[in-house]
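K.L.:
I need the structure of the sequence given here:
(one chain, ligands or ions: 2)
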Amino acid sequence: MPEAPISTNVQMVQDLHIHTTYSASDTSVVPEMTIALVAAVGHAKVVGISDHFENLVDGVFDAYAWEVRNAGLKLGVEVDGHAWAAEAADYPVDYYLYHCRDRRADYRGLEALLATRRPVIIAHPNAFGTDWRQLPPACHMEINNRYVWRSDWWAYYAPIRDRFPFVLGSDAHQPNWLGQSVARHVATRLGIEERVLF
Ligand SMILES: [Zn+2]
Ligand SMILES: [Zn+2]
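P.N.:
Ligands and ions are numbered 1, 2, ... in the order given. Coordinates of the predicted model:
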């Protein structure tokens, strides 16, 4: 494929929740969803790739990290709860997305990621029923374009608008998901101003 120029149609300040073909176990990802394509589309000023951490262990991470950095993108991983948190804390990423289900082990696993001092974004917390009372204020809360409408987002997010910094994410698995229209609608309604991390 010839190298495409970066799009001038930049609409968003950041998008840190994007999956690519490195999320090999995720059947929603299509073969076209490559790091190179995401970089070429340039739908946000700050773009980070956050493939599933469990798909990156066993020798895959180095190639993933090289490709993300070589494309000029931020390097993230999406960590599926406490089972992976301690291991993920040892990897040299820029930030974490974290699946924090409402269970004690996941709140404790979060501590390992926060101890790295890197930004930790609680991924689609409304979809997991994450109890925000268990989260340190150092966490970033995500409003996620894929999942936010699947719950009563007003009831979940309105009480914590001033408690955490917020990050909006597309959770794109396919090129045509590279947007944040729903997440931005919700944030606007809530009066939340996004925290730009990089
Ligand atoms: Zn997720
Ligand atoms: Zn995701």
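K.L.:
which parts of the protein sit against ligand 2?
P.N.:
The chain comes close to ligand 2 at residues Glu78, Asp171, as judged by Cβ under 5 Å from the ion. (Each C-beta comes from the backbone N, C-alpha and C, glycine too.)
K.L.:
which strand is the longest one in the chain?
P.N.:
Using DSSP state E, we find that the single longest strand of the chain is strand 44-52.
K.L.:
Tell me the gap between that strand and the middle of its chain.
P.N.:
Its chain's C-alpha centre and that of strand 44-52 lie 7 Å apart, by Cα atoms, centre = their mean, to the nearest Å.
K.L.:
do the same with stretch 11-18
P.N.:
9 Å.
K.L.:
Now do the buried residues in that stretch.
P.N.:
Residues Met12, Gln14, Asp15, Leu16, His17, Ile18 are the ones in stretch 11-18 that count as buried (16 or more other Cβ atoms under 10 Å).
K.L.:
which ones are touching the fifth one?
P.N.:
Read that as His17. 48, 50, 76, 78, 97, 121, 123, 142, 144, 169-172 (Cβ atoms under 8 Å, 6 or more residues apart in numbering).
K.L.:
ok, for it, nearest residue in space, not its chain neighbours?
P.N.:
Setting aside the residues directly before and after it, His17 is nearest to Gly169 in space (Cβ to Cβ, 6 or more residues apart in numbering), at 3.0 Å.
K.L.:
Now do the contacts for the one you found.
P.N.:
15-18, 97, 121, 123, 142-145, 180, 183.
K.L.:
do the same with Val196
P.N.:
So Val196 contacts Val13, Gln14, Val46 (Cβ under 8 Å, 6+ apart).
K.L.:
pretty sure it is in a strand, no?
P.N.:
No - applying DSSP: H, G, I helix; E, B strand; the rest coil, one finds Val196 to be coil, outside a strand.
K.L.:
Thanks a lot, see you next time.
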